[in-house]
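> Requesting a structural model of the entry that follows:
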Amino acid sequence: MSPRQTKIETEDEHSLATEATEQAHLEDVVPHAAEAEPDEQEESIEQQLEKAQETIKDYWDQMMRLRAEIDNNRKRAERDIENAHKYALKNFVENLLPIIDSMELGQTAAAADNATLESIREGSALTMNMFVQVLEKNGLEQIDPVGEKFDPERHQAISMIEVEDAEPSSVIEVMQKGFRLNDRLVRPAMVVVAK
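Residues are numbered from 1 along each chain as shown. The predicted model follows:
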């Protein structure tokens with residue numbers, strides 16, 4: 001054999017040995033890679049599951065907090081409504097107290113020895129004015145339609161009389177004043193109407 005053939009054979013043997021080594025190495029690596037992928041996938045799935053469970057827990061906590069807040073708002077609203085019903089007339093009653101005081105003073109003054117009919121009338125008129133002002137302040141309006149055209153929505157005719165100088169269907173006398181509360185009729189005015 002020539003040295004050249006020996007060198008080629010050596011190179012061929014060397015390349016065959018290298019290929020065999022690489023093949024063996026690949027066989028070792030590929031099974032490990034195949035085995036590693038399921039582990040990585042399992043870890044990835046487990047991580048995804050943990051993240052999903054944490055997200056669900058966060059949503060559950062938020063939902064429970066919102067539910068508690070809704071319950072608190074509902075209870076607060078019920079309490080406010082209850083208080084509104086209980087104390088709706090509080091301001092009105094407070095406004096009436098000075099009138100009660102004035103009436104008591106009037107009664108005391110009328111029982112006095114030096115009381116005159118004129119002083120009792122003045123006191124009574126002042127008290128009545130106070131009372132009307134309190135009613136108006138709280139949205140109650142008097143209906144006193146003398147001279148107005150008869151309106152069946154606001155007036156109730158109790159009789160009709162022929163009057164020469166009055167316009168037909170006009171109110172000539174008010175027997176009882178009517179009242180409106182915040183533009184809603186509470187009681188119609190009882191009136192006498194001209195024919």
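> measure the residue positioned nearest the centre of the chain to Ser170 for me?
Of all residues in the chain, the one closest to the mean position by CA atoms, centre = their mean is Ala77, 7.9 Å from it. In this view, Ala77 and Ser170 are 50 Å apart by CB to CB, to the nearest Å. C-beta here means a position set from N, CA and C on the backbone, and glycine is covered the same way.
> next one: phi and psi at Ala189?
Main-chain torsions, Ala189, degrees, to the nearest 10: phi -70, psi 130.
> Kindly check the end-to-end length of stretch 183-195 for me.
End-to-end span of stretch 183-195 (CA to CA, to the nearest Å): 29 Å.
> Do a quick rundown of the helices in the chain.
Along the chain, counting by DSSP state H, helices occupy 3-87, 90-111, 117-137.
> Lowest average confidence across those, which one?
Sorting those by mean pLDDT places helix 3-87 lowest, at a mean of 75.
> Break the protein into its domains for me.
According to automatic domain parsing, the chain comprises the domains 1-87, 89-138, 140-195.
> how far out from the middle of the chain is the second one?
To tie it back to what came earlier, the one meant is domain 89-138. Centroid displacement of domain 89-138 relative to its chain, using CA atoms, centre = their mean, to the nearest Å, is 40 Å.
> Equivalent analysis for stretch 179-195, please.
That offset, for stretch 179-195, works out to 35 Å (CA atoms, centre = their mean).
> Please report how far the nearest residue to Ser169 once chain neighbours are set aside lies from Arg76.
Among residues not flanking Ser169 along the chain, Phe150 sits closest, at 4.9 Å (CB to CB, 6 or more residues apart in numbering). Remark: distance between Phe150 and Arg76 (CB to CB) = 50 Å.
> out of the two, which sits in the more crowded spot?
Neighbour count, other CB atoms under 10 Å: between Phe150 and Arg76, Phe150 has more, with 20 against 10.
> show me what contacts that one?
When contacts are counted by CB atoms under 8 Å, 6 or more residues apart in numbering, Phe150 touches Ala157, Ser169, Ser170, Val171, Val191, Val193.
> Now distance to Ser124 too, for those residues, in CSV please.
Output for those, formatted as CSV (distance: CB to CB, whole Å):
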residue, distance to Ser124
Ala157, 30
Ser169, 35
Ser170, 31
Val171, 26
Val191, 25
Val193, 31
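> Of those residues, which belong to strands?
Residues of these located in strands (DSSP state E): Ala157, Val171, Val191, Val193.
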